[in-house]
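**Q** The sequence and its predicted three-dimensional model are supplied below.
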Amino acid sequence: MQKVIDEEIAKLQREDPTAHEVDRSLNQFESSFYNRLERLGSFGGKADQINSYFSTTGDPNWFNQDLGRYRALTASNIRAAAAAYLPLDKRVELVVMPEMGANK
């Protein structure tokens, strides 16, 4: 699995993602963004978003600017971020081993 992940990261560092990939990612993000805003309470709901915006930006009504950051991304921005922030030689790996003798 690590080999496949490394190949995909390396490809993204060399090549821009396709327009379809960028659009699909933006659509998924927007769907999640609006879904969070539909909930009034609980963690991640509208009240939590307003509080987070106010705490980090000083503007509780920062919804449009937040969404605009993602809409402004280009394929070359994504490739550059992958090259800058996803070096293949620096990562944390987690290995989960099943408990020995567990019959679950």
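**A** Noted; the coordinates are in hand.
**Q** and the one residue sitting closest to the centre of the chain, what does it touch?
**A** Ranked by distance to the mean C-alpha position of the chain (CA atoms, centre = their mean), the top residue is residue 29 at 8.0 Å. Shown in contact with residue 29 (CB atoms under 8 Å, 6 or more residues apart in numbering): residue 70. Quick note: C-beta positions are derived from backbone N, CA and C, even for glycine.
**Q** Now do the SS call for it.
**A** Local secondary structure at residue 29 is given as helix here, using DSSP: H, G, I helix; E, B strand; the rest coil.
**Q** any idea how far it is from residue 7?
**A** With distances taken as CB to CB, to the nearest Å, residue 29 is found 24 Å from residue 7.
**Q** repeat for residue 33
**A** Using CB to CB, we find residue 33 at a distance of 30 Å from residue 7.
**Q** And those two? Which one has more around it.
**A** For the pair residue 33 and residue 7, the greater number of neighbours falls to residue 33 (14 against 11), based on other CB atoms under 10 Å.
**Q** Confirm for me that that one is in contact with residue 67.
**A** Yes. Contact between residue 33 and residue 67 holds when scored by CB atoms under 8 Å: they sit 6.0 Å apart.
**Q** where does this protein dip in pLDDT?
**A** Residues of the chain that meet the criterion pLDDT under 70 lie in 40-42, 44, 102-104.
**Q** again, 80 this time
**A** 36-37, 39-45, 101-104 (pLDDT under 80).
**Q** Tell me which residues of stretch 9-20 come out buried.
**A** Of the residues in stretch 9-20, those with enough neighbours to count as buried (16 or more other CB atoms under 10 Å) are 9, 12-13, 16-17.
**Q** end-to-end on that stretch?
**A** For stretch 9-20, the first and last residues are 17 Å from each other (CA to CA, to the nearest Å).
**Q** could I have stretch 79-98 exported to CSV, CA atoms only?
**A** The C-alpha trace of stretch 79-98 is given here as CSV (Å, rounded to 0.1, in the frame of the first residue of the first chain):
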residue,chain,number,x,y,z
ARG,A,79,1.1,20.4,-7.3
ALA,A,80,3.3,23.0,-5.6
ALA,A,81,1.8,22.2,-2.2
ALA,A,82,2.4,18.5,-2.7
ALA,A,83,6.0,19.2,-3.6
ALA,A,84,6.5,21.5,-0.6
TYR,A,85,4.6,19.7,2.1
LEU,A,86,4.6,16.0,1.2
PRO,A,87,8.3,14.9,1.0
LEU,A,88,8.5,11.2,0.6
ASP,A,89,11.5,10.9,2.9
LYS,A,90,9.7,12.6,5.9
ARG,A,91,6.6,11.0,7.3
VAL,A,92,5.1,9.3,10.3
GLU,A,93,4.1,5.7,9.9
LEU,A,94,1.7,3.9,12.1
VAL,A,95,1.6,0.1,12.3
VAL,A,96,-1.3,-1.5,14.1
MET,A,97,-0.7,-5.1,15.2
PRO,A,98,-3.7,-7.2,16.4
